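S.K.: structure, please.
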Amino acid sequence: MKYIYITNGRADKVPQYQELYDQLKETPHPHEVYTTLGEGDATRFVRLYCDLHPEEEVCFVACGGNGVIIEVATGLVGYSEYLASYSQKATAFNSESKKQKSKFTMAILYIGGTTKDFLINFPGRNFFSVKEMLAGTVTPVDIIRVNDSYSLNVCNIGFNSKVASRANELVAKGKTAHEAYTRGVVNAILTSRFNRIKITVDGERITRGHMVLCTLANGRRVGGEFNCAPNAKIDDGLIDVCLFRGMSLLRLLMLIPLYRSGEHIGSRLGKNKIIYRQAREVEVSSKDLIDVYLDGELLTGSRFEVKILPGAVPLRLPPVNGQ
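M.R.: Next comes the predicted model:
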């Protein structure tokens with residue numbers, strides 16, 4: 001097994017990776033380090049490497065937070081889907097494609113990252129240690145596909161996409177994830193509470209009139225502390241859909257603390273205002289251009305097809321509590 005550690009090449013991130021290099025010196029194993037050249041480069045690198053080295057057994061290690069993690073996962077899943085599509089056109093290639101697909105996995109080292117929402121889904125596991133990562137085992141986890149993009153954690157629509165967009169801007173300016181997300185909430189309260197967006201869940205339309213926000217979740221938490229989908233599981237083959245209908249500013253302000261703690265679903269304040277579903281496919285559409293925010297990527301459009309891909313990401317997880 002060869003390990004390729006993928007690090008963020010942004011100038012302010014490079015010094016943070018000294019810890020990684022120190023650990024690699026202390027833990028000899030077949031590996032190399034690839035430093036990204038810009039946004040989207042990790043995805044391009046993973047897909048190209050898989051295409052050029054189909055015979056190798058490789059674990060791509062995403063070193064950082066949500067941005068690097070989703071880029072590596074996107075490259076891996078995108079390559080696997082390419083193989084699946086190719087095998088449908090060439091039956092003789094089918095058995096070989098399955099063998100190649102199983103050779104590529106990914107892992108996560110939370111070094112140099114700013115947000116770790118996705119990792120909260122795996123309590124008791126050490127994502128800071130190379131040694132622990134090497135001792136891990138591969139577990140298939142789900143991923144959400146949104147048109148031609150992917151999300152391991154949560155897709156935000158409406159109010160939430162405005163929050164995430166503003167928070168992303170503030171993090172880039174040096175604010176902490178907590179401060180940036182909190183300020184993003186305040187900004188969205190003033191600018192994004194009345195959205196006319198059509199949401200269809202497994203063929204059933206769940207929107208009428210204005211909506212405040214909608215989350216399509218694979219993971220449970222967003223923004224570092226907001227437990228938006230407390231019932232979500234990353235390996236159940238389902239998208240957890242949570243929709244806030246249009247409501248008064250006062251009710252929304254009262255619901256935000258519950259949204260933070262994960263107590264909004266089934267709450268008295270949320271009665272008749274919060275819709276919760278689990279689904280395999282979701283359609284999002286609007287007469288106007290809207291933003292969908294997923295794992296650091298902002299998508300703009302008027303129609304989005306959202307689908308869960310069960311077990312599509314072979315993720316190497318460290319052992320629970322080091323055991």
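
S.K.: could you pull out the buried residues of stretch 122-133?
M.R.: For stretch 122-133, burial by neighbour count (16 or more other Cβ atoms under 10 Å) applies to 122, 125-127, 129-130, 132-133. Backbone N, C-alpha and C define where each C-beta goes, glycine included.

S.K.: over to stretch 54-74?
M.R.: 54, 58-74.

S.K.: just to be sure, which of the residues you listed are found in helices?
M.R.: Among the buried residues of stretch 54-74, the ones falling in helices (DSSP state H) are 66-74.

S.K.: got JSON lines for those residues, with pLDDT too?
M.R.: Putting those into JSON lines (pLDDT from 0 to 100) gives the following:
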{"residue": "Asn66", "pLDDT": "82"}
{"residue": "Gly67", "pLDDT": "85"}
{"residue": "Val68", "pLDDT": "90"}
{"residue": "Ile69", "pLDDT": "92"}
{"residue": "Ile70", "pLDDT": "92"}
{"residue": "Glu71", "pLDDT": "94"}
{"residue": "Val72", "pLDDT": "95"}
{"residue": "Ala73", "pLDDT": "95"}
{"residue": "Thr74", "pLDDT": "94"}
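
S.K.: between the residues you listed, which is closest to Ser261?
M.R.: Within these, proximity to Ser261 (Cβ to Cβ) peaks at Asn66, which comes in at 21.5 Å.

S.K.: show me the buried residues of stretch 122-133 that map onto helices.
M.R.: Going by DSSP H, the helices hold 130, 132-133 from the buried residues of stretch 122-133.

S.K.: closest to Arg193 among those?
M.R.: Met133 (42.6 Å).

S.K.: the closest one and Tyr110 touch, don't they?
M.R.: No: applying Cβ atoms under 8 Å as the test, Met133 and Tyr110 come out as separate, 10.4 Å apart.

S.K.: show me how far stretch 33-46 is from its chain's centre.
M.R.: When C-alpha coordinates are averaged (Cα atoms, centre = their mean, to the nearest Å), stretch 33-46 and its chain have centres 17 Å apart.

S.K.: what about Gly38, neighbour count?
M.R.: Per other Cβ atoms under 10 Å, the neighbour tally for Gly38 reads 10.

S.K.: I figured it hits Asn8, correct?
M.R.: No: if you go by Cβ under 8 Å, Gly38 and Asn8 don't touch, sitting 9.9 Å apart.

S.K.: tell me which residues in stretch 133-144 are buried?
M.R.: Neighbour counts over stretch 133-144 (16+ other Cβ under 10 Å) mark 133-134, 136, 141-144 as buried.

S.K.: for that stretch, the averaged confidence score.
M.R.: Across stretch 133-144, pLDDT averages out at 95.

S.K.: swap in stretch 261-280?
M.R.: 94.

S.K.: what is the end-to-end distance of it?
M.R.: 26 Å (Cα to Cα, to the nearest Å).

S.K.: just stretch 168-181 next, same as before
M.R.: One end of stretch 168-181 sits 8 Å from the other (Cα to Cα).

S.K.: tell me the secondary structure of the nearest residue to Glu71 once chain neighbours are set aside, please.
M.R.: Excluding the flanking residues, the one nearest Glu71 by Cβ to Cβ, 6 or more residues apart in numbering is Ala42, at 3.7 Å. At Ala42 the chain is in helix, as set by DSSP: H, G, I helix; E, B strand; the rest coil.
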